[in-house]
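the sequence and its predicted three-dimensional model are supplied below.
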Amino acid sequence: MTHAIEAMDLVKKYGQVTALDGLSFTVPAGTVFGLLGPNGAGKSTTIRILTTLSTPTSGTATVAGIDVLGHPNEVRRAIGVVTQASGTDPQATGRENLLLVAQIHGMRGRAAKSRVDELLALFGLTDAANRLAKQYSGGMQRKLDVAMGLVHRPSVLFLDEPTTGLDPQARSEMWAEIARLARHERLTILLTTHYLEEADHLADHLVIVDRGRLVAQGSPEELKSELRGDAVVIDLSPDASVDAARTAIEGMAGTREITVSGRSIRTRVDHGASAVPAALAALERSSVPVAAVTVARPALDDVYLRYTGRTFASADAAQEKVEAAR
């Protein structure tokens, strides 16, 4: 099987709202594949279709070589799913949670106990196996969630925003667990995330989605290498004129892809270090006070900006306003 997942022209409409608008991608077997996008981009809708929890308005998809519409029960036996919300029973122990999942998948007796012990050891939960899940830390609960998704040895594992709500240390630990699973368990992992660093760190290949459409795809390094030079971000003082600042930067030689987000102006230049003095001088001539200037090598946020015309943070903020208005 060359491709573990194939999505072809997926469209999903909820009344007048189009959540997916012709989304297509393939996931090579044995890879960590990232589905990256801000909140509301269509990531969870895609996961629900691929895991047979929802049907597309149009389009087709296969998972582990199985048609998700024609043979949903076979798909469910081939996959593991870890949703954003924890699936653990807080009143049961870690071991009891895993044994219950094993029994649901038809495992009994010594086989079930052996698999549970194996997973507890794999995720470093052996010492906490007999503690109630409600007593686990957020990171431990997330490890237990992933372990539950692996009980029946699926060939494809779906992780929907697996580190949302975790503190930085727990998030780093979960990244290490996911990377280790990919290396040692011979799994195909589809990871949805709105954390740019997470996609950059974990994904062998990724697609960036925005408003239900695919806007870019490739490995993180391939996508970043398409962008020449450095990003210069200028944060303006509260009393500065954004329009005057933009005009000043546009008048500089060698600037391109100039965008404004709030009180920040972002531009791409060939050599960031040498461009900063020129930018500050141009802004001073235009009487535009500056709070801070930063220079960075290309990042996935720059890739997103290039293809959508807005920063990742502004896209997230816009979606939060939409949800608040509902």
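That came through, no problem.

confirm residue 4 sits in a strand?
Yes - under DSSP: H, G, I helix; E, B strand; the rest coil, residue 4 falls within a strand.

residue contacts, it?
Residue 4 sits next to 27, 28, 29, 30, 31, 63, 64, 155, 156, 188 when contact means CB atoms under 8 Å, 6 or more residues apart in numbering. C-beta coordinates here come from the backbone N, C-alpha and C atoms, glycine included.

what does residue 194 give?
With CB under 8 Å, 6+ apart, residue 194 has these contacts: 36, 37, 38, 39, 41, 43, 161, 312, 316.

find the centremost residue of the chain, please.
Central residue of the chain (CA atoms, centre = their mean): residue 193, 1.6 Å from the mean position.

hmm, that residue is touching residue 38, no?
No - applying CB atoms under 8 Å, one finds residue 193 not in contact with residue 38, separated by 10.5 Å.

what is the burial count for residue 42?
For residue 42, the count of nearby residues is 24 (other CB atoms under 10 Å).

all strands of this structure, in order?
Applying DSSP state E to the chain gives strands spanning 3-14, 17-28, 32-36, 58-63, 66-67, 79-82, 156-160, 188-193, 205-210, 213-218, 230-236, 256-261, 264-269, 290-296.

the ones you listed: which one's closest to residue 94?
Among the strands of the chain, the nearest to residue 94 by CB to CB is strand 79-82 (15.2 Å).

which elements pack onto that closest one?
Packing partners of strand 79-82 (3 or more CB pairs under 8 Å, 6 or more residues apart in numbering; DSSP states H and E): helix 138-150, strand 156-160.

which of these sits most buried?
Sort the helices and strands packed on strand 79-82 by mean neighbour count, taking mean count of other CB atoms under 10 Å, and strand 156-160 sits at the top with a mean of 24.

how about the residue of the chain positioned farthest from its centre, nearest residue that isn't a chain neighbour?
Distance from the C-alpha centroid of the chain, by CA atoms, centre = their mean, peaks at residue 285 (42.1 Å). The shortest distance from residue 285 to any non-neighbouring residue, by CB to CB, 6 or more residues apart in numbering, is to residue 248 (7.1 Å).

doesn't residue 283 make contact with that neighbour?
Yes - under the criterion of CB under 8 Å, residue 248 makes contact with residue 283 at 5.2 Å.

low-scoring stretches of the stretch 101-250 of the chain, by residue?
Applying pLDDT under 70 to the stretch 101-250 of the chain flags no residue at all.

now do the longest helix anywhere in the chain against helix 138-150, angle only.
Assignment by DSSP state H gives helix 168-184 as the longest helix of the chain. Orientation check (axes from the mean of the first three to the mean of the last three CA atoms, to 10 degrees): helix 168-184 against helix 138-150 gives 20 degrees.
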